[in-house]
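Novice: let me see the structure of the following:
(one chain, ligands or ions: 1)
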Amino acid sequence: MSDLLSRLINENLIPLKPYESARRLYSGGQDWLNANESPFANDYSVDSSSFNRYPSCQPNAVVDGYAGYAGVATEQLIVTRGADEGIELLIRTFCTPGKDNILICPPTYGMYAISAETCDVGVKKVPLNQDFSLNVNAICDEDDVNLIFICSPNNPTGTRADVNDVEKVLSHFKDRALVVMDEAYIEFDSDGSWADKLAQYPNLVVLRTLSKAFGLAGLRCGFTLASAEIIQSLLKVIAPYPIPEPVAQIAAQALNKEGLARVALQVETLNSHRQALKEALAARSGITLVGDTTANFVLFRFEQSQALMSFLVENGMLIRDQSKQLNLQNCLRATVGNEEQNARLLTLIDSFLEQTGVSA
Ligand SMILES: *Cc1c(COP(=O)(O)O)cnc(C)c1O
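Specialist: Reported below is the predicted structural model:
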């Protein structure tokens, strides 16, 4: 970095590196099973007649559509540029830089820590137990945290947080911290949502997205659900025009009756593919399933994970290496794709096993 920039840059950013998103790591390849995207690309239309105008901050059609879908009041919801923006808004709104902390439970989604670090907010880590359940006692021992992020279904373990555990955390931190349930994958585990408990727990926040089951990762549209009071605080911090007009139009279509019916069908299809992929992987020699499969991906352990990963990449098949995450040595995560992609993944794994003589 030039002298000028090293003198100017926000000091706490110096050790940070740009996020290694699935898309940044590998831009080539033909089968993308590395970012938990939907294999379905649905059709939408866009009306450009008002593109000369600034968009609404919180477009009504999207707010109404999602509130109806999630079963919350429109005052209990804010639309953001993906759930990632929701994470950052929560941190910027409820944590003071250089002073406050968030709590995360690794192995889990990377953006909580990254957003906190870029905002100079501390990150306290209470690892999940060996079976990936929450270590409730250790979480409740942390007294100096403002936000607690719990991902359920958890990325990358695919496990659902136990209801009683979450209730204990919500109650313990009732007057002290907000508990953020990240439900990015909730459509694949539909009876696991906390959205209907907002009235019961004023310190509960729920994150949602159109990036996974809705098949709209490219749209960048997410939602934060919480009490009207929490939402009002987030509205102080969000940009004046955070949702581009084409995004609002497409999100509204995704949330209409036909859109919702289509997502329900696609989730059903993916859940049945997931079951098939899970069984097929478990039947391969040397492969053990890890965690659970309540989302649209399967996590597995394989001794030669690095060699397998390179072999798959060479063949244009991209899955995600999770081996650097806490307690996930030699673990790889494969998103459930369409039938052809899942079949190709299995065929390639078989070729690798044959080639290395570990064949089943
Ligand atoms: C993908 C993902 C998100 C981010 O969703 P966007 O709406 O695309 O920003 C948030 N949380 C988890 C756990 C995810 O896996």
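
Novice: could you use CA atoms for every contact and neighbour count after this?
Specialist: Noted.

Novice: quick one, domains of the protein?
Specialist: Domains of the chain are assigned by automatic domain parsing as 3-38+259-353, 54-256.

Novice: the longest one near the ligand at all?
Specialist: Yes: applying Cα under 6 Å from any ligand atom, one finds domain 54-256 touching the ligand at 82-84, 109, 151, 155, 182, 184, 209, 211, 217, 220-222.

Novice: residues in contact with the helix or strand hosting Ile250: which ones?
Specialist: Assigned by DSSP states H and E, Ile250 belongs to helix 245-254. With contacts defined as Cα atoms under 8 Å, 6 or more residues apart in numbering, helix 245-254 is touched by 44-48, 51, 54-56, 59, 61-62, 65, 210, 214, 219-221, 259-260.

Novice: those in helices, which ones?
Specialist: Ala61, Val62, Gly65, Gly259, Leu260 (DSSP state H).

Novice: what's the neighbour count on the fourth one?
Specialist: The one in question is Gly259. Using other Cα atoms under 10 Å, Gly259 has 17 other residues around it.

Novice: for the nearest residue to it once chain neighbours are set aside, give me the pLDDT.
Specialist: Nearest non-adjacent residue to Gly259, counting by Cα to Cα, 6 or more residues apart in numbering: Gln253, 6.3 Å away. At Gln253, the predicted lDDT confidence score is 98.

Novice: over to Arg24?
Specialist: Reported pLDDT for Arg24: 70.

Novice: ok, now which ones touch it?
Specialist: Contacts of Arg24 (Cα under 8 Å, 6+ apart): none.

Novice: pretty sure it sits in a helix.
Specialist: Yes: under DSSP: H, G, I helix; E, B strand; the rest coil, Arg24 sits within a helix.

Novice: and the residue in the stretch 51-200 of the chain that the ligand sits nearest to, what does it touch?
Specialist: As assessed by Cα to the nearest ligand atom, the ligand sits closest to Gly82 within the stretch 51-200 of the chain, at 3.2 Å. Taking Cα under 8 Å, 6+ apart, we find Gly82 in contact with Thr209, Leu210, Ser211, Arg220, Cys221, Gly222, Phe223.

Novice: pLDDT-wise, which helix or strand of this protein ranks last?
Specialist: Lowest by mean pLDDT, DSSP states H and E among the helices and strands of the chain is helix 22-25, with a mean of 70.
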